[in-house]
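Chemist: Everything below, folded, please.
(2 chains)
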Amino acid sequence: MERTPAHPEVTMAKALNDGLRRALERDAKTLLFGQDIGRLGGVFRVTDGLQKDFGEHRVIDAPLAESGIVGTAIGLAMRGYRPVVEMQFDGFVYPAFDQIVSQVAKIHRRSEGRVIMPITIRIPYGGGIGAVEHHSESPEAYFAHTAGLRVLTPSDPQAAYVTIQQAIASNDPVVYFEPKRRYWDKGSVDRTIDPLDLREVADPWRARILRTGSDVTIACYGPMVRTCLEAATASGDVSIEVIDLQSLSPLDFDTIAGSVERTGRLVVVHEASRTAGIGAEVAAVISERCFLSLEAPVTRVTGYDVPYPPSRLEDHYLPDLDRVLDSVDKVMAY
Amino acid sequence: MDESGRNGSAVQLLTPEGERVTHPTYDISLTDHELRGLYRDMALVRRLDAEATALQRQGELGLWASCLGQEAAQVGSAHAMGTSDFAFPTYREHGVTWVRGVPALDILAMLRGVTNGGWDPNAHRCSLSTIVIGNQALHAVGYAMGITFDGADAAAIAYFGDGATAQGDVNESFVLATVFNAPVVFFCQNNQWAISQPRERQSRIPIFERAAGFGFPGVQVDGNDVLAVMAVTRAALARARGGEGPTLIEAYTYRMAAHTTSDDPTRYRMASELEVWRLRDPIERLKVFLARQGIADRHFFDSIDDEGDLLADEIRVGVRSMPEPPAEAMFDNVYCEPHPLLEGQRASVIDYLASFVDPVGR
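Modeler: So this is what the prediction gives:
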């Protein structure tokens, strides 16, 4: 594909950094809080240079205490701040799970709408980087299952730049999953737009149709979007529509159902384990809503129901282009 | 613990017999009006507590967590707070929420089951009851960090019990409070029992001594002595507001009632223990002191009893007449911003209930 980018190509990590910078500029009550995010700039450098430019009271290095980070973010939110906290890796969010599920998700409701929790919880997630245990997990379903939370995941630099700012601006708590193996993928990012003006950008809570097709719909998100776009390009005669779910809570079933009513086939792809995952929910709702349009059962291509395997095995665990196309073939042959 | 009810070095200004004593570090000077006010609040909170317990027995409340015996610790510490300070209570701090001005019926609403909250935290500068043990200690530290960032003259106070000191969140809150020098006071009511587990099951050393390991002062106070509690908490709050960081206060007291109305303490503790603590009653000792000093007379005490009767009537009538929330109220305030899936579920509940010949739940 040949094209001239209208805007500079940057990595997703840089796009997130720019988005965080704009959020810090926009609202003096926005704070970043996390382990190693200041002088180091975060282990993935997503917050690189922000402490230098905004100071130690805006970009705050935290002690090594995940529950403490989220718990104090709640108190800061009650004081009128808009905290953006970083969990260093997916597998390290669990110490904070209690505060997220028992408090962040419930305080607005408990207060009968009087207290807001505009907290963004950034979590680099997913595998494919050859990491040790606890550094490659996809725990998004836990959070999507929790009422009171919203869950977003970007799939490319432009989406990252826009949605991180939308997440921070939201008065609801947002768990923001960053696909860590796509941090260094480049894409053009238009930074002249205002991410908070929905006349200029898409609603972050809607799925995005990234490629249109007529035979099979693939619904995916985060790190799997690039994989699925590559599969669609490689699919030969089969015309594949690729939907980036982007918002995992709430899920945008209208966009998926509209697509499936045209294609008659749906494959859901995610890295996370299969059972009770996002794919199960998508399959259930689409089976209900599109029963008469379906030419084949909704199929899932996912990680397996095992702990994330040692890195020498992760290529077998992670859905890849071949596994996606294998499922496409099966739904076409059904 | 010696016979005066002190545990080692616990600060005491009023003995169980109602005798005013001095302490080398802590003192307090209150007007007669303020002293009578402390008595009034403690007596009314005890009446509220008794009425709520009775209402639970009558099936009008789902549960009640009594603060019987802890009135001095709660009322004294809450009276030490300024209007700009912010309290983070558990589910047992009825004395704190009362002093923060939360109406009695709002205190009972959660256990009536009509809400998970009950009052406006910002209006009363008092967070809602936190039920997960220890979570709120971190909220208080975060709030206090915000006070620092704002450059404001205020402090936060986190309430928790002896059981909570074993929780990770409370220990993390100690770490965060010190490293950010947050203006926060940790107010631990050691009421000796975490449901059935004694303090020895939570900590090998007296609770207040644990502060030293985190790098901030800890002080133990006779939690049944309202004057000492108020003096110690005032000093800790002043220290916090003055930029000197956190303090841990261990208010040594006793949970005179069961953990909650669902609990049966006869299975794990001796009745004789209760008798010992009955002699250290926080309200009785202040009453003796006020009467002996001529600060209050029979007329005053009778008037408080009458006020208690009125409060009890208000609670009984008010609890029974709390409106039943409509079914679809469960969808309210889950999110601030539009959520189409939830709105769809709300509509389906309304349609389902309307589909009955005799609509229910409306």
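
Chemist: how about the strands in the stretch 151-300 of chain A?
Modeler: A:174-179, A:186-188, A:208-211, A:216-220, A:240-244, A:247-249, A:266-270, A:299-302 (DSSP state E, counting those that start in this stretch).

Chemist: Mind giving me the packing neighbours of the longest one?
Modeler: When contacts are defined as 3 or more Cβ pairs under 8 Å, 6 or more residues apart in numbering or on different chains; DSSP states H and E, strand A:174-179 sits against helix A:12-26, strand A:120-125, helix A:140-144, strand A:150-152, helix A:157-169. To be clear about C-beta, it is placed using only N, CA and C from the backbone, and glycine gets the same treatment.

Chemist: Other residues contacting it?
Modeler: Defining contact as Cβ atoms under 8 Å, 6 or more residues apart in numbering or on different chains, one finds that strand A:174-179 is touched by A:12, A:16, A:46, A:90, A:100, A:119-126, A:138, A:140, A:143, A:149-155, A:160, A:163-164, A:167-168, A:222-223, A:248.

Chemist: Check whether residue A:135 sits in a helix, strand or coil.
Modeler: Per DSSP: H, G, I helix; E, B strand; the rest coil, the local secondary structure of residue A:135 is coil.

Chemist: quick revisit: right, and the helices and strands packed on strand A:174-179 - which one's nearest chain B?
Modeler: Each of the helices and strands packed on strand A:174-179 has some distance to chain B by Cβ to the nearest Cβ; the shortest is strand A:150-152, at 7.5 Å.

Chemist: can you pull the contacts of the nearest residue to residue A:171 once chain neighbours are set aside?
Modeler: Spatial nearest neighbour of residue A:171, excluding adjacent residues (Cβ to Cβ, 6 or more residues apart in numbering or on different chains): residue B:336 at 4.0 Å. Shown in contact with residue B:336 (Cβ under 8 Å, 6+ apart): A:108, A:113, A:116, A:170, A:171, A:172.

Chemist: Now which of those residues would you call buried?
Modeler: Taking 16 or more other Cβ atoms under 10 Å in any protein chain shown as the criterion, what is buried in those is A:108, A:116, A:170, A:172.

Chemist: how about those in a markdown table, adding distance to residue B:88 and pLDDT?
Modeler: Supplementary listing: the buried ones among the contacts of residue B:336 in a markdown table, determined by distance: Cβ to Cβ, whole Å; pLDDT from 0 to 100:
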| residue | distance to residue B:88 | pLDDT |
| --- | --- | --- |
| A:108 | 17 | 98 |
| A:116 | 17 | 98 |
| A:170 | 25 | 97 |
| A:172 | 22 | 98 |
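
Chemist: In helices only, show me these.
Modeler: Judged by DSSP state H, the buried ones among the contacts of residue B:336 include residue A:108 as members of helices.

Chemist: From the buried ones among the contacts of residue B:336, pick the one nearest residue A:281.
Modeler: Here the nearest of these to residue A:281, counting by Cβ to Cβ, is residue A:172; it sits at 19.4 Å.

Chemist: mind putting the helices and strands packed on strand A:174-179 in TSV, distance to chain B, mean pLDDT and mean neighbour count included?
Modeler: Shown next, in TSV, are the helices and strands packed on strand A:174-179 (distance: least, Cβ to the nearest Cβ, whole Å; pLDDT from 0 to 100; neighbours: other Cβ atoms under 10 Å in any protein chain shown):
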stretch	distance to chain B	mean pLDDT	mean neighbour count
helix A:12-26	14	98	22
strand A:120-125	14	98	27
helix A:140-144	11	98	21
strand A:150-152	7	98	26
helix A:157-169	10	97	25
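
Chemist: Please convert those to TSV, extending it with distance to residue A:254.
Modeler: Below are the helices and strands packed on strand A:174-179 laid out as TSV (distance: least, Cβ to Cβ, whole Å):
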stretch	distance to residue A:254
helix A:12-26	27
strand A:120-125	25
helix A:140-144	17
strand A:150-152	17
helix A:157-169	19
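
Chemist: Of all these, which one comes closest to residue A:184?
Modeler: Taking these one by one with Cβ to Cβ, helix A:12-26 is closest: 6.6 Å.

Chemist: Which other helices and strands does the next helix or strand after that closest one contact?
Modeler: Once the chain leaves helix A:12-26, the next helix or strand it forms, by DSSP states H and E, is strand A:30-34. Judged by 3+ Cβ pairs under 8 Å, 6+ apart, strand A:30-34 is in contact with helix A:12-26, strand A:59-61, helix A:66-78, strand A:82-86.

Chemist: Which of those sits closest to residue B:199?
Modeler: Closest approach to residue B:199 among the helices and strands packed on strand A:30-34 (Cβ to Cβ): helix A:66-78, 23.6 Å.

Chemist: Quick one: distance of that closest one to the chain centre.
Modeler: 22 Å (Cα atoms, centre = their mean, to the nearest Å).

Chemist: With stretch B:264-274 instead?
Modeler: In terms of Cα atoms, centre = their mean, the centre of stretch B:264-274 is found 23 Å from the chain centre.

Chemist: Kindly report the same for stretch B:132-150.
Modeler: In this view, stretch B:132-150 has its centroid 17 Å away from the chain centroid, taken as Cα atoms, centre = their mean.

Chemist: Say whether chain A is contacted by that stretch.
Modeler: Yes: residues of stretch B:132-150 contacting chain A under Cβ under 8 Å from any Cβ of the partner chain: B:132, B:135, B:137-147, B:149-150.

Chemist: Buried ones from the residues you listed, can you make that a PyMOL selection?
Modeler: Command for PyMOL that selects the buried part of the residues of stretch B:132-150 next to chain A, burial taken from 16+ other Cβ under 10 Å:
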select buried, chain B and resi 132+135+137+138+139+140+141+142+143+144+145+146+147+149
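
Chemist: Below-threshold pLDDT in the chain: ranges please.
Modeler: This is for chain A. Counting by pLDDT under 70, the ranges of chain A that qualify are A:1-5.

Chemist: Wait, chain B was what I had in mind.
Modeler: For chain B, the stretches with pLDDT under 70 are B:1-8, B:359-362.

Chemist: Perfect, I'm done here.
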